[in-house]
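Novice: take a look and give me a structure for this.
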Amino acid sequence: MIATISIRGLHREYQLWTRELIFFKEEIKTFEAHLAAILTRNNKNGVPEQAEHFQNQFIIQKEVIDFLRHDLIVSERQLASFAQELSGEGIDGIKMDNYGKLRERMSTFRKIYREMKNRFRRFEMQWM
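Specialist: Numbering: from 1, shown residues only. Below you'll find the model as predicted:
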């Protein structure tokens with residue numbers, strides 16, 4: 001069974017996801033600054049190798065964020081076009097599928113991001 005959501009609800013959800021992705025990207029900038037500070041103070045004992053791992057993770061996460069944001073923009077445009085076609089027909093009562101694949105991708109991204117963030121925080125606490 002596919003869960004449904006109103007057009008307005010889906011729009012709000014897209015906006016929330018977009019803001020969330022913008023926040024994650026800004027947070028990565030902070031992590032990158034902290035990583036640079038760690039490298040400045042610690043250039044031994046495997047720190048550069050661990051730092052390179054996190055630099056690569058940050059690049060990957062930023063790319064995933066960009067892909068998700070692009071797909072959200074496309075989906076938002078499609079939703080707006082659909083809503084415009086239905087204008088005057090009571091769009092508040094229309095329910096749509098809730099874009100399960102996009103929702104699943106967001107959920108997977110959050111999980112992977114949270115794990116990466118936790119690993120980085122442990123690394124950061126060890127070397128700051």
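Novice: which strands or helices does the helix or strand where residue 113 lies pack on?
Specialist: Residue 113 is part of helix 100-127, with elements assigned from DSSP states H and E. Using 3 or more Cβ pairs under 8 Å, 6 or more residues apart in numbering; DSSP states H and E as the contact definition, the elements that helix 100-127 packs against are helix 7-41, helix 47-85. Any C-beta I mention is one placed from the backbone N, CA and C, and that applies to glycine too.
Novice: how many degrees apart are that helix and helix 47-85 in direction?
Specialist: Between helix 100-127 and helix 47-85, the angle comes out at 150 degrees (axes from the mean of the first three to the mean of the last three Cα atoms, to 10 degrees).
Novice: got the buried residues for helix 100-127?
Specialist: Neighbour counts using 16 or more other Cβ atoms under 10 Å place 102, 105-106, 109, 113, 116-117, 120, 123, 127 of helix 100-127 among the buried residues.
Novice: give me the helix or strand of the chain that scores worst on average pLDDT.
Specialist: When the helices and strands of the chain are compared on mean pLDDT, DSSP states H and E, strand 95-97 comes out lowest with a mean of 58.
Novice: who's in contact with the residue positioned nearest the centre of the chain?
Specialist: The centre of the chain sits closest to residue 21, judged by Cα atoms, centre = their mean, with a distance of 3.7 Å. By Cβ atoms under 8 Å, 6 or more residues apart in numbering, residue 21 lies in contact with 65, 68-69, 72.
Novice: I'd like to know which of these are buried.
Specialist: 65, 68, 72.
Novice: ok, back up a step: and the residue nearest to the centre of the chain, how far from residue 35?
Specialist: Going from residue 21 to residue 35 by Cβ to Cβ, to the nearest Å gives 21 Å.
Novice: check residue 64 too.
Specialist: Distance, residue 64 to residue 35, using Cβ to Cβ: 18 Å.
Novice: who's more crowded, those two?
Specialist: Neighbours were counted for residue 64 and for residue 35 using other Cβ atoms under 10 Å; residue 35 has more, 21 against 17.
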